[in-house]
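> quick one: sequence plus predicted model below, questions after.
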Amino acid sequence: GRAGMLRTLTIKKPPHNPLAGNDTFVRDGEDTNGEADDGEFFLRVIVPEAKRIEDIELGLFLSGNFQCRRVVVSDETISISMPEEEAVLDEIPLSECQIKIPALNKVDAFDEIEDPNQYTNCIQILTAIEGYNAGRSYFLQADSEELRNRLVRDFTRYCKQARKRKEQRSQFLRTQEKVRRFYNSELFQKLSALIIVANFAQSIVEAQMVGARSEEEVRQGAERIFDIVNTLVALIFCVELALNAYGHWFQPFVNNPWSWLDIFIVVTSLLALGTLKIPTSVIRFMRAIRIVRLFNRFTELRKLITALTASILPMLNAFMIYVFISSIYAIMGVSFFGRDYPQDFMVFDRAFVALFRITAGDTWVPSLPVLKDDGNMYLPGALFVITYIMIVNWIVLQVSVA
């Protein structure tokens, strides 16, 4: 609660404030006291002017008398500072306090006061025993009875509004926790995985029936069934995404890459159901990639995908080396063999694809002969292909795999 209510300002030598005691300074937004290793302090400051509801100077009862202090009220706190200063000496959460007009003869702090009449127009702020201020009472003094009554009325309203907001947040957090537990439960995850696998199997059957020679009526009936199933699955995925977003909102959901994958798949599923004129092949592809969501349901699959993703950048380095070497050889092929063997070496792109086929498993360039017409070895072609295989297949690819 404290970090969310305060801003921080870095200073070198913080002033000493007797009211603040050891609770004035926090290090790097934490709830610890003391000095940072580099000698810097982090001093809390009053909220920006746009967030202030009240900004007034009142008397604060300290050491037997009232001392002038600046009191700033925001939606969440009552902040106390020295007059015309920004440094917060103390703060009181509005949701944890009550406002009342004290009876001076019943206040222990006023027992030794010789003239209680000079301590009129007081406001007492009672804090929660288990709250931020540990049950401490604060006594403020207004300049007039009219101002005192207005402040009591307004402070009481501010406290009620703050408690109401806190209760609403608490209700949201309780509901969010229930939804999160339900979403992360083993039963829900297994059921979701089962739906994903069943939908993928349905996509396989649908793809099989597209190319099969079946009767037109049977095919149309099956397509209607598939459309209904896909509509239900898309709606189920929407509900699942909504539960995920509600249960893990905000940062846990937004910072999870799998959440963005779910959003992409749900959006594509809805687009496939819409009135947009999307090609049938694209719609089938959108439905087929739903199986990717299965990777997030099982820990081992998720670890494997994470490892594969982490290896992309190192593999890109090896791929760039392969592209450079293949490009050099493709240029050599166009230069040396383009005129005699145009089928594979007329232009750069043909030569590059021919070399890629060797990388993929072909043993030779189809149009490039091994022997000449007289039966002797065609040495330029042999040296070209053999050196390419040795450099790319035996060295570059093996290093990449290792």
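Okay, I see it. In this text, all values refer to a predicted model and were calculated from it rather than measured experimentally.

> buried residues in the longest helix seen in the chain, which are they?
Longest helix in the chain, counting residues (DSSP state H): helix 145-184. By 16 or more other Cβ atoms under 10 Å, the buried positions in helix 145-184 come out as 148, 151, 152, 155, 158, 159, 162, 163, 166, 179, 180, 183. The way it works is simple: take the backbone N, C-alpha and C, and place the C-beta from them, glycine included.

> ok, the fifth one - contacts?
Contact partners of residue 158, counting by Cβ atoms under 8 Å, 6 or more residues apart in numbering, are 53, 73, 75, 94.

> returning to what we had before: would TSV of the buried residues of helix 145-184 with distance to residue 249 and pLDDT be doable?
Conversion of the buried residues of helix 145-184 to TSV gives the following (distance: Cβ to Cβ, whole Å; pLDDT from 0 to 100):
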residue	distance to residue 249	pLDDT
148	43	93
151	38	94
152	38	94
155	33	94
158	28	94
159	28	94
162	23	93
163	23	92
166	18	89
179	10	93
180	10	92
183	12	91
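
> that older thread, among the contacts of residue 158, who's most crowded?
Highest neighbour count within the contacts of residue 158: residue 94, with 25 neighbours (other Cβ atoms under 10 Å).

> wait, it sits on residue 157?
No: with contact defined as Cβ atoms under 8 Å, residue 94 does not reach residue 157; the gap is 10.1 Å.

> rewinding a little: which SSE is immediately downstream of the longest helix of the chain?
Next helix or strand after helix 145-184 toward the C-terminus (DSSP states H and E): helix 186-211.

> quick one: that following helix to helix 145-184, angle?
60 degrees (axes from the mean of the first three to the mean of the last three Cα atoms, to 10 degrees).

> what's the mean pLDDT across the host helix or strand of residue 242?
Assigned by DSSP H and E, residue 242 falls within helix 216-248. Averaging pLDDT along helix 216-248 yields 85.

> centre of the chain to that helix, how far?
27 Å (Cα atoms, centre = their mean, to the nearest Å).

> neighbouring contacts of the next helix or strand after it?
Of the helices and strands lying after helix 216-248 in sequence (DSSP H and E), the nearest is helix 251-254. By Cβ under 8 Å, 6+ apart, the surrounding residues in contact with helix 251-254 are 244, 245, 259.

> which non-adjacent residue is nearest the first one?
In other words, residue 244. Closest residue in space to residue 244, ignoring its immediate chain neighbours: residue 183 at 5.8 Å, by Cβ to Cβ, 6 or more residues apart in numbering.

> equivalent analysis for the second one, please.
Take residue 245 and drop its neighbours on the chain: the residue closest to it by Cβ to Cβ, 6+ apart is residue 253, 5.4 Å away.
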